[in-house]
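Engineer: here are the coordinates; sequence isn't available:
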DNA sequence: TCCTGCTCATAAACCCAGCTTATGTCGCCA
DNA sequence: TGGCGACATAAGCTGGGTTTATGAGCAGGA
């Protein structure tokens, strides 16, 4: 059944980009899976049939796995191909989020909806919302500006943004708001850290007296933590991005305090472990905001209604 | 004719692959972010400094956004660049999962750990585990075979696999098992469906009497549903993959019943909405399995211990 | 039976993105 | 002021992916 063309050993070296097909190839694979035909997929992507054929073949060579069963009546995914296609879909979905985010990022003067958002929201939530928005209002051009609560408020009040999203404890003055979701700060450590095996919840004092990996003073995350502990948080290191904090925690530098949103992936993969905490108010609201009186209309209203659920 | 490639304006057409930098570029960007230097990143990836410089520049052109601030003393990410980098990281992480999965998929005779898993687990959970396993035992070669519970059992008993993962209601005879996680089937619809606005939970009879988008009879998912409803599930359509079911539900064909694991992304993006249900036992255990008496040792034990948490 | 229409495969020529090597410029520091 | 590190620019090469052109297998209808 399987042709014996595996004489050439797989190199297996190099970086990811050498072992993972490029986005074009993955899109092609998804199209083949959906349409059941190489030629059909080629047509959909605007390339010729031989190009599709050779591209799929080169992916199979690269991966060392047969992906599609060709027949004169069409092409069907192999069992392995189905699995690969599902994994590929994840990459393509992440790329779609990237794309819609990047599009929003290049400020277009002519965009119909100008959004200002805090970093955490822009990072983890907005691309998803924009994707959904595009699904139901494909022609809405969106521009995005990311910054802290103060910046968001300034842009809204200066009429440089139509809708804002903030995550602080308080709503900047001059703005109306709606709570659209809830977030919580959680304590995490690397699996090797002794706290990861705790069964009893951590008490507030214990948290306050332990040096932690933290965001810098002034960040939304840090504000909430300081407020919850009464200004007592003791930094082991202060870092200026969520990602840097995560990386430090994963590498075992110590316990970190981070938004639940930021560590979903890491928890699922057990690169980080959540430490239970009690007696500390680490919840915070995520809010949509707009200038007092100017209720969102048009595209802003569309986006807002997507975010509430 | 669309052959006039307009110069000047951003193309904005074409498929994802034309608007999203390739994996190599994204990896490079992450390296620049981490190291704070174009040349350093180039060294790490084994390319020359001019190559890195030009690649980053072409990404900036492609995205229409300045990503890094160059100075004679190094390079630092722009605000926009930091956001783009975070989105890029998601793509790269998905690519890592793809890579480790694909590596496991090409059956290597010499692999030290042979895993057999049900589709759902292989699709959603295994790549994460393998990534974690590689982090702590980098030299473990893993091979993966995906199939239903019966196939998993056969391979284990024929000594063609060292460790299995199944998701059914029952443990195949001849195997020992441990519960490693819990999964639940949930009812979902497109946001446009009337059920998406329900506030009261759905009762079992109502679920049983409504035609649903379902996996085919015999699939793990379907077995659990049929058992929970007493064999009464009424299919609107029967499809042979989780992905097909999701796609049908998203397109508004009707309500679907799916594993929680499979729809996390869709729920977060509001492409699907969860419908509350009560009085139906839709939970199921995910189990690691092995031949009775042969407790997992070596690499199998390492993997197993990663999955329990 | 043969023709027509679908499928995929193969071959040769082309083109461009990204690579390398070689060199230039700028700022900091001893 | 020379030296070192950073990034930029220029010119030439290479390879993967593309196109056009063609062939071959299978199905269904005249």
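Structural biologist: Looks like it came in fine. Predicted, not measured: the structure shown is a model, and the values here were computed from it. Numbers count the residues shown, from 1 in each chain, chains lettered A, B, ... in the order given.
Engineer: Write out the residues of chain A neighbouring DNA strand C.
Structural biologist: A:37-40, A:49-50, A:53-54, A:56-57, A:70-75 (CB under 7 Å from any atom of the strand). Every C-beta, even on glycine, is put in place using the N, C-alpha and C of the backbone.
Engineer: ok, residue A:278 - contacts?
Structural biologist: Residues in contact with residue A:278 (CB atoms under 8 Å, 6 or more residues apart in numbering or on different chains) are A:201, A:202, A:203, A:204.
Engineer: Mind checking which of the residues of chain A next to DNA strand C land in strands?
Structural biologist: Within these, residues falling in strands by DSSP state E are A:70, A:71, A:74, A:75.
Engineer: can you count the residues close to the third one?
Structural biologist: The one in question is residue A:74. Applying other CB atoms under 10 Å in any protein chain shown, we find 15 residues neighbouring residue A:74.
Engineer: what pairs with it across the strands?
Structural biologist: residue A:71 (DSSP bridges).
Engineer: looking at it, it is touching residue A:33, isn't it?
Structural biologist: No. Counting by CB atoms under 8 Å, residue A:74 does not reach residue A:33; the two are 11.8 Å apart.
Engineer: how about the nearest residue to residue A:52, chain neighbours excluded?
Structural biologist: residue A:42 (3.6 Å; CB to CB, 6 or more residues apart in numbering or on different chains).
Engineer: Ramachandran angles for that neighbour?
Structural biologist: Backbone torsions for residue A:42, taken as degrees, to the nearest 10, come to phi -60, psi -50.
Engineer: distance of it from residue A:51?
Structural biologist: 6 Å (CB to CB, to the nearest Å).
Engineer: Which one's more surrounded, the two?
Structural biologist: Using other CB under 10 Å as the criterion, residue A:42 and residue A:51 rank with residue A:42 on top: 22 against 15.
Engineer: Contacts only, for the more buried one.
Structural biologist: Contacts of residue A:42 (CB under 8 Å, 6+ apart): A:28, A:48, A:49, A:51, A:52, A:53.
Engineer: Buried residues, the helix or strand where residue A:183 lies. List them.
Structural biologist: Assigning secondary structure by DSSP states H and E places residue A:183 in strand A:175-189. Of the residues in strand A:175-189, A:175, A:177, A:180, A:181, A:183, A:185, A:186, A:187, A:188, A:189 count as buried by neighbour count, 16 or more other CB atoms under 10 Å in any protein chain shown.
Engineer: ok, the third one touching residue A:286?
Structural biologist: When you say that, I think you mean residue A:180. Yes. If you go by CB under 8 Å, residue A:180 and residue A:286 touch, sitting 5.6 Å apart.
Engineer: shared neighbours of those two, anything?
Structural biologist: residue A:165.
Engineer: quick one: low-confidence ranges for the stretch 201-309 of chain A?
Structural biologist: Within the stretch 201-309 of chain A, the stretches with pLDDT under 70 are A:309.
Engineer: Give me the sheet partners of the strand holding residue A:183 and which way each runs.
Structural biologist: Short version: by DSSP bridges, strand A:175-189 pairs with strand A:256-259 (antiparallel), strand A:273-275 (antiparallel), strand A:283-291 (antiparallel).
Engineer: Could you list which residues are in contact with the closest residue to DNA strand C within the stretch 201-309 of chain A?
Structural biologist: DNA strand C sits closest to residue A:240 of the stretch 201-309 of chain A, with a gap of 21.3 Å, by CB to the nearest atom of the strand. By CB under 8 Å, 6+ apart, the contact list for residue A:240 reads A:215, A:216, A:219.
Engineer: before we move on, back to that, determine which two of the ones in strands among the residues of chain A next to DNA strand C are furthest apart.
Structural biologist: Longest distance between any two of those is 8.3 Å, between A:70 and A:74; criterion CB to CB.
Engineer: Share the number of residues neighbouring residue A:31, please.
Structural biologist: Counted with other CB under 10 Å, residue A:31 comes out at 20.
Engineer: now do residue A:198
Structural biologist: The tally of other residues near residue A:198 (other CB under 10 Å) stands at 13.
Engineer: quick one: the helices in chain A?
Structural biologist: A:16-19, A:23-35, A:38-45, A:49-63, A:79-105, A:119-124, A:126-136, A:149-157, A:204-209, A:220-229, A:242-250, A:264-268, A:298-307 (DSSP state H).
Engineer: roughly how far is the first one from the heart of the chain?
Structural biologist: Centroid separation between helix A:16-19 and its chain, computed with CA atoms, centre = their mean, to the nearest Å, is 22 Å.
Engineer: quick one: buried residues of that helix?
Structural biologist: Neighbour counts over helix A:16-19 (16+ other CB under 10 Å) mark A:17, A:19 as buried.
Engineer: so what does that helix touch, helix or strand wise?
Structural biologist: Under the contact criterion of 3 or more CB pairs under 8 Å, 6 or more residues apart in numbering or on different chains; DSSP states H and E, helix A:16-19 touches helix B:23-35, helix B:79-105.
Engineer: can you redo those as TSV with mean pLDDT?
Structural biologist: Putting those into TSV (pLDDT from 0 to 100) gives the following:
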stretch	mean pLDDT
helix B:23-35	96
helix B:79-105	95
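Engineer: Residue A:115: which of these is closest?
Structural biologist: Nearest of the helices and strands packed on helix A:16-19 (CB to CB): helix B:79-105, 12.6 Å.
Engineer: Does that closest one reach chain A?
Structural biologist: Yes. Helix B:79-105 lies within reach of chain A by CB under 8 Å from any CB of the partner chain, at B:79-80, B:82-99, B:101-103, B:105.
Engineer: Now do that helix and helix B:23-35, the angle between them.
Structural biologist: If you take axes from the mean of the first three to the mean of the last three CA atoms, to 10 degrees, helix B:79-105 sits at 120 degrees to helix B:23-35.
Engineer: What are the buried residues along helix B:79-105?
Structural biologist: Within helix B:79-105, judged by 16+ other CB under 10 Å, the buried ones are B:80-105.
Engineer: Can you select the buried ones among the ones in strands among the residues of chain A next to DNA strand C for me in PyMOL?
Structural biologist: To isolate the buried ones among these in PyMOL, judged by 16+ other CB under 10 Å, type:
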select buried, chain A and resi 75
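Engineer: What parts of chain A come near DNA strand D?
Structural biologist: Counting by CB under 7 Å from any atom of the strand, chain A sits next to DNA strand D at A:22, A:24-25, A:46-48, A:50-52, A:54-55, A:58, A:72-73.
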